[in-house]
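# Sharing a model that was predicted from the sequence below.
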Protein chains: 2
Amino acid sequence: MTSTDIQAYMAHVGAAARAAATQMAAASTAAKNGALLRLAALIGEQRETLQAENAKDIAAAERNGLAAPMVDRLRLNDKVISQMAENCVQVAALPDPVGEITNLRRRPTGISVGQMRVPIGVFGMIYESRPNVTIEASSLGIKSGNACVLRGGSEAIHSNLALWRLVQQALREAGLPAEGVQLIETTDRAAVGRLISMPEHVDLIIPRGGKSLIERISREATVPVIKHLDGNCHVYVDASADLDLAVKVTDNAKTQKYSPCNAAESLLVHAAIAPAFLPRIGAVFAAKGVEMRCDAAARALLQPLPGATVADASEQDWAEEYLAPVISVKVVESLDEAIAHINRYGSHHTDAILTEHHPNAMRFLREVDSASVMVNASTRFADGFEYGLGAEIGISTDKFHARGPVGLEGLTSMKYVVLGQGEVRS
Amino acid sequence: MTSTDIQAYMAHVGAAARAAATQMAAASTAAKNGALLRLAALIGEQRETLQAENAKDIAAAERNGLAAPMVDRLRLNDKVISQMAENCVQVAALPDPVGEITNLRRRPTGISVGQMRVPIGVFGMIYESRPNVTIEASSLGIKSGNACVLRGGSEAIHSNLALWRLVQQALREAGLPAEGVQLIETTDRAAVGRLISMPEHVDLIIPRGGKSLIERISREATVPVIKHLDGNCHVYVDASADLDLAVKVTDNAKTQKYSPCNAAESLLVHAAIAPAFLPRIGAVFAAKGVEMRCDAAARALLQPLPGATVADASEQDWAEEYLAPVISVKVVESLDEAIAHINRYGSHHTDAILTEHHPNAMRFLREVDSASVMVNASTRFADGFEYGLGAEIGISTDKFHARGPVGLEGLTSMKYVVLGQGEVRS
């Protein structure tokens, strides 16, 4: 497409989304759940078609020399297809957030004032290679009563188009507008530039992907963006921590899985407990091949451990999200130093204190300025499903609108409702 | 100041605000209320000093030929001073929003997950001539545990500086950082440009003032802005409305006061009730000198009324916020037409349906996309105090973060808190 064609195409997509949003917002819970359950059935029925289209993407990826893990992410094997169908069934089972009225209170004037939860309108979702995100985003969009415009990775275009055709069929059969979910059919990158700068048609952008992509989208978007850039999550082992608990939780936070954004990347240890704690966790890390980048005090305690890979931490290490078997380690003199360090170098994602001391736990919860703050639990719990949201469309480290794991509620807004019997203002 | 000086000055103010924010966030309720009550006392004690400084602004305004109503807005007479002191006492009496933990629920894994209300950090407030906004913003900033940077109208600079000195004294005497509230001491307009583009120091901007100022700030700010541009509020009189109620409420919504943003600017009337309703409200408007800009159907019913000022509405009239004794009037064929008209021409501020028909009331509440939607009540109720927020720092027509009247809660964010006993993710 030429640049003019892209402009016209995106304006058309945007206008269709805005028009569909009105119908999606007014849709009954039964219609929305009907579409989701029909979509689950269609995904099962159309398994072969989906895999045939997916094979085109896989073949192209292999032709283009994509690395094997990247090709794997693309693949719609039987397990991924079953999970997509199951995802739709689960979202159908979630309570409908739309229309809920809360805090309805009678005022002295006689009016009753409350707040009603309503869809945001239109959101744009920008993601990378995994085609199952097409179904995740569609199902949350439908249930939350929004229209959405999806832009998946170009390497998954055949898979995404095939999935999207099923979404549209399910919407239509449930009496909802097919334009309730649209997928950008061109892989031209200029389409993303338009998607993020049409405030008249799109109310919100949710990007998932690499940091540089998300930074660029945040910088250039003219509408709000729900996002996080880094997950530099800390575990702080307080002077009064239970040693066994601290070893177990720190180990889990770092090593249960290295790639998620909620894995720990930095370990702070109070000086009073460091001589007892660091050799124990250091032995665990040494056994698992986790490199430790240390300040001088931590290094002195960890260096002697057999098999330990220990290095000096640079200033940059305190801010690093490794997503790998590497952790920075620092000994601190006080809770104050720990909190200040986390607020300075952290990414405001998820940070945990391990302590038996109640006032320190409460101060940490209150003063660490992060989307999730934890006491005596692994940072790996920072997740929409673990929090009971029933779903997760992303994680936000911003302070506005949605913070932390974002589920259906993050795709809604509140408006005030006032119920009167003819009251007037005097 | 030179441009370089302004940069350095604002960077200094911003860094001081960020540093103070940490202390303000951790401040006890007793310290914050202590500062507010001390401020109330100081305002009373320093009445003469305040009025002497205010006299300088008044004299300058008169020298510069400011219109009398503008000069009046500047004036710190005894009544305004008492109200400022009373405002501080009222804010002290409000519940502290900070630290509240809600929805704490045990998850199957054993962790408990809830949300804690926390201050946003630093907000910048940009306002025009009324010096009492200095106290309103200071008191809400202190109570919500934020640091704030205030930028008042240059014509009120002496009054604002005098008020700010009392705020700083009250903060200091309560053991809180004086930089918890800062006032920009220069009237150079370049300072505003810096204030709205220092995301490292300022998290939120709240502008109050003319539409063009707010538009410019929204366009240029690199942080979120809580704002509304217009209040083109509608009253829709449904076919089944109670006639007496409809006349009373429509009259109040339009004429109780013409200048507020929540006054009605447009009247939609269902065709079935127009012949009975329009002559009655038209007579009221005629008696009060309210000009009616009509579509053909409304004009046919209103033109014959003795004393009525009736004109044809232009397309522009449907979108107009008059803030004056003028109203646009249109006859619609259905509730659908009314909702579509409001969503198209309205400003998403406040809109009301007058009806006895429950399904229509519920559809209007759900489908009109405005910050406040009302049934059988005057749009004039859209106000933080009337809604029971106890205070109001502004009104937002955006869908993100805060929507409708904004009180203390709008100056806070939520973060997830997770309380465990050593749970790990499996």
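Sure thing, it's come through. None of these values were measured; they are calculated from a predicted model.
# Need the residues that contact the one helix or strand A:Ala283 maps to.
Assigned by DSSP states H and E, A:Ala283 belongs to helix A:274-288. Helix A:274-288 is touched from outside by A:237, A:241, A:243, A:246-247, A:250-251, A:254-255, A:267, A:269, A:292, A:297-298, A:301-302, A:305-309, A:325, A:327, A:329, A:331, with contacts defined as Cβ atoms under 8 Å, 6 or more residues apart in numbering or on different chains. Yep, even glycine has a C-beta here, placed from its N, CA and C like the rest.
# of those, buried ones?
Among these, those scoring as buried are A:237, A:241, A:246-247, A:250-251, A:254-255, A:267, A:269, A:292, A:297-298, A:301-302, A:305, A:308, A:327, A:329, A:331 (criterion: 16 or more other Cβ atoms under 10 Å in any protein chain shown).
# Same list, those residues, but only the ones touching chain B.
The subset of those lying close to chain B, counting by Cβ under 8 Å from any Cβ of the partner chain, consists of A:Asp251.
# Any idea how far apart the tips of stretch A:140-158 sit?
Terminal residues of stretch A:140-158 are spaced 22 Å apart (Cα to Cα, to the nearest Å).
# now stretch A:393-410
9 Å.
# residues touching A:Ser112, list them.
A:104-106, A:418-420.
# Tell me the one among these nearest to chain B.
A:Gly420 (2.9 Å; Cβ to the nearest Cβ).
# Secondary structure element for that closest one, which one?
Using DSSP H and E, A:Gly420 maps to strand A:412-423.
# what about that strand, distance to the chain center?
Chain-centre distance of strand A:412-423: 32 Å, with Cα atoms, centre = their mean, to the nearest Å.
# With stretch A:26-37 instead?
So, by Cα atoms, centre = their mean, the centroid of stretch A:26-37 is 24 Å from its chain's centroid.
# re earlier: given the strand holding A:Gly420, what are its sheet partners and their directions?
strand A:112-119 (antiparallel), strand B:372-377 (parallel) (DSSP bridges).
# Averaged pLDDT, the helix or strand just after the last one. What do you get?
Next in sequence after strand B:372-377, counting helices and strands by DSSP H and E, comes strand B:394-396. Averaging the model's pLDDT scores along strand B:394-396 yields 94.
# wait, does strand B:394-396 contact chain A?
No: Strand B:394-396 lies out of reach of chain A by Cβ under 8 Å from any Cβ, never closer than 10.3 Å.
# Can you spell out which helices and strands pack onto that strand?
strand B:404-406 (3 or more Cβ pairs under 8 Å, 6 or more residues apart in numbering or on different chains; DSSP states H and E).
# what do you get if the cut-off is 10 Å, keeping everything else the same?
In terms of contacts (3 or more Cβ pairs under 10 Å, 6 or more residues apart in numbering or on different chains; DSSP states H and E), strand B:394-396 is packed against strand B:204-207, strand B:404-406.
# outside of it, which residues touch it?
B:125, B:127, B:137, B:140, B:206-208, B:225-228, B:231, B:261-262, B:348-350, B:371-372, B:382-384, B:402-407, B:410 (Cβ atoms under 10 Å, 6 or more residues apart in numbering or on different chains).
# A:Gln169 is in contact with A:Ser138, correct?
No: in terms of Cβ atoms under 10 Å, A:Ser138 does not count as a neighbour of A:Gln169; the distance is 11.9 Å.
# what residues are shared contacts of these two?
What both A:Ser138 and A:Gln169 touch, as defined by Cβ under 10 Å, 6+ apart, is the set A:35, A:39.
# ok, the two, which is more surrounded?
Between A:Ser138 and A:Gln169, A:Ser138 has the larger neighbour count (other Cβ atoms under 10 Å in any protein chain shown), namely 31 against 16.
# show me what contacts the more buried one?
The contact partners of A:Ser138, by Cβ under 10 Å, 6+ apart, come to A:35-36, A:39, A:84, A:87-88, A:91, A:125, A:148, A:150, A:163-164, A:166-168, A:170-171, A:180-183.
# Could you report the neighbour count for A:Ala311?
A:Ala311, neighbours per other Cβ under 10 Å, totals 14.
# Each with direction, which strands does the host helix or strand of it pair with?
Assessed by DSSP H and E, A:Ala311 sits inside strand A:310-312. If you go by DSSP bridges, strand A:310-312 pairs up with strand A:291-294 (parallel).
# continuing past the strand it pairs with, what's the next helix or strand?
Under the assignment DSSP H and E, the closest C-terminal helix or strand after strand A:291-294 is helix A:296-302.
# Check what pLDDT A:Asp251 gets.
A:Asp251 is given a pLDDT of 98.
# ok but it is inside a helix, no?
Yes: the assignment for A:Asp251, made by DSSP: H, G, I helix; E, B strand; the rest coil, places it in a helix.
# got the contact list for it?
Here A:Asp251 is in contact with A:235, A:264, A:280-281, A:284-285, A:287-288, A:290, A:378, B:424 (criterion: Cβ under 10 Å, 6+ apart).
# roughly how far apart are it and B:Ile135?
A:Asp251 sits 53 Å away from B:Ile135, going by Cβ to Cβ, to the nearest Å.
# Which helix runs longest in chain A?
helix A:3-26 (DSSP state H).
# and the helix or strand that that one is followed by, what does it pack onto?
As assigned by DSSP H and E, the chain's next helix or strand after helix A:3-26 is helix A:29-45. Packing partners of helix A:29-45 (3+ Cβ pairs under 10 Å, 6+ apart): helix A:3-26, helix A:47-63, helix A:78-93, helix A:132-143, helix A:157-173.
# so which helix or strand takes in A:Leu150?
Counting by DSSP H and E, A:Leu150 is found in strand A:147-151.
# residues contacting A:Ala340?
So A:Ala340 contacts A:332, A:334, A:367-368, B:22 (Cβ under 10 Å, 6+ apart).
# Now do the host helix or strand of it: distance to the chain's middle.
Counting by DSSP H and E, the element that carries A:Ala340 is helix A:335-345. Computed by Cα atoms, centre = their mean, the chain-centroid distance of helix A:335-345 equals 25 Å.
# Let me know the next secondary structure element after that helix.
Sequence order places strand A:350-354 as the next helix or strand after helix A:335-345, per DSSP H and E.
# Can you dump the C-alpha atoms of that following strand in CSV for me?
Only the C-alpha atoms of strand A:350-354 are listed here, as CSV (Å, rounded to 0.1, in the frame of the first residue of the first chain):
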residue,chain,number,x,y,z
THR,A,350,7.2,-5.7,41.7
ASP,A,351,9.4,-5.7,44.8
ALA,A,352,9.3,-7.9,47.9
ILE,A,353,10.4,-7.6,51.5
LEU,A,354,11.1,-10.8,53.5
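# List the buried residues in that strand.
Result for strand A:350-354 [16+ other Cβ under 10 Å]: buried residues A:350-354.
# Poorly predicted segments of the stretch 251-400 of chain A, please.
For the stretch 251-400 of chain A, not a single residue meets the criterion pLDDT under 70.
# residues in contact with the residue of it found nearest chain B?
At 2.9 Å from chain B, A:Ala377 is the closest residue in the stretch 251-400 of chain A, using Cβ to the nearest Cβ. Going by Cβ under 10 Å, 6+ apart, A:Ala377 touches A:245, A:249, A:252-253, A:352-354, A:386, B:109-113, B:418-425.
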